[in-house]
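Undergrad: no sequence on this one, just coordinates:
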């Protein structure tokens, strides 16, 4: 009778041997796909164990399901709420369970931000407690939302809220894509700066054109003055008026004023005086000839 009771116990221990069946070294290249084999003999699976293994697999809480994915838009230098709510079916009714939500920021790298337990306890990574506000009073209901304060350009990107049951068992997760938009104030400021720049450019262009015109006129006036000094205007010989009162004086004045003109014609001062006197005599003789 004692042997009959001992045999079932020995059989039970024989089912939990945890033997090492095989050990394999596998070599692969970087950035390549690799197969990790794991095969067991059918003799290890008894008919009465197959149902138990299948039921454990189906009832495993570590499903890691994507529950929600949202796009959140906000403005720079503002506060933004990142929601994260899980249904009671995922959390369960046990308020003392080892369940917690872990927030992470995922861009080029994964940066864990804060862990919020079901009981409302929080644990921050680095110094994120200065920027992140949690709501521990509502975490027991499955609300693990956080508030980001004074967001900057580096805060843009993907945020993930992972719900864990124990250590390493992720039940579900949610994704938040944070983006920045241009507020009306920023758009008006941009338009104002652009308009000011264009107006300043127009004023500067008009100012340069005015300076150029004034400089051009000043240069032309200077050139005309120099030309008059170097090249005085010539007075035609036929334009000289002769009078009967004092022809010799008029000839002398004309000789001083237009010396350059007479020099070009090959006449001297004495020739001008003689010509003037001769013309006067001719004018005086005309009445006598008429009589």
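TA: It's in. Just so you know, these numbers come straight off a predicted model, no measurement behind them. Residues are numbered from 1 along each chain as shown.

Undergrad: quick one: residue 221 is in a strand?
TA: No: counting by DSSP: H, G, I helix; E, B strand; the rest coil, residue 221 is not part of a strand but helix.

Undergrad: What about it, how many residues nearby?
TA: Using other Cβ atoms under 10 Å, residue 221 is surrounded by 10 other residues. Glycine gets a C-beta too; all of them are placed from N, C-alpha and C.

Undergrad: For stretch 114-127, buried residues please.
TA: Neighbour counts over stretch 114-127 (16 or more other Cβ atoms under 10 Å) mark 114-118, 122, 124 as buried.

Undergrad: what's the first-to-last distance across that stretch?
TA: 10 Å (Cα to Cα, to the nearest Å).

Undergrad: what do you get for stretch 121-132?
TA: By Cα to Cα, the extent of stretch 121-132 from end to end equals 14 Å.

Undergrad: Turn the buried residues of stretch 114-127 into JSON lines, including secondary structure and pLDDT.
TA: Below are these laid out as JSON lines (DSSP: H, G, I helix; E, B strand; the rest coil; pLDDT from 0 to 100):
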{"residue": "114", "secondary structure": "strand", "pLDDT": "96"}
{"residue": "115", "secondary structure": "strand", "pLDDT": "96"}
{"residue": "116", "secondary structure": "strand", "pLDDT": "96"}
{"residue": "117", "secondary structure": "strand", "pLDDT": "95"}
{"residue": "118", "secondary structure": "coil", "pLDDT": "94"}
{"residue": "122", "secondary structure": "strand", "pLDDT": "95"}
{"residue": "124", "secondary structure": "strand", "pLDDT": "95"}
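
Undergrad: now the nearest residue in space to residue 120 that is not next to it in sequence: how far from residue 194?
TA: Nearest residue to residue 120 in three dimensions, chain neighbours excluded: residue 136, at 3.4 Å (Cβ to Cβ, 6 or more residues apart in numbering). Counting by Cβ to Cβ, to the nearest Å, the gap from residue 136 to residue 194 is 47 Å.

Undergrad: Point out where the stretch 101-250 of the chain drops to low pLDDT.
TA: Low-confidence regions of the stretch 101-250 of the chain, defined by pLDDT under 70, span residues 182-191, 222-250.
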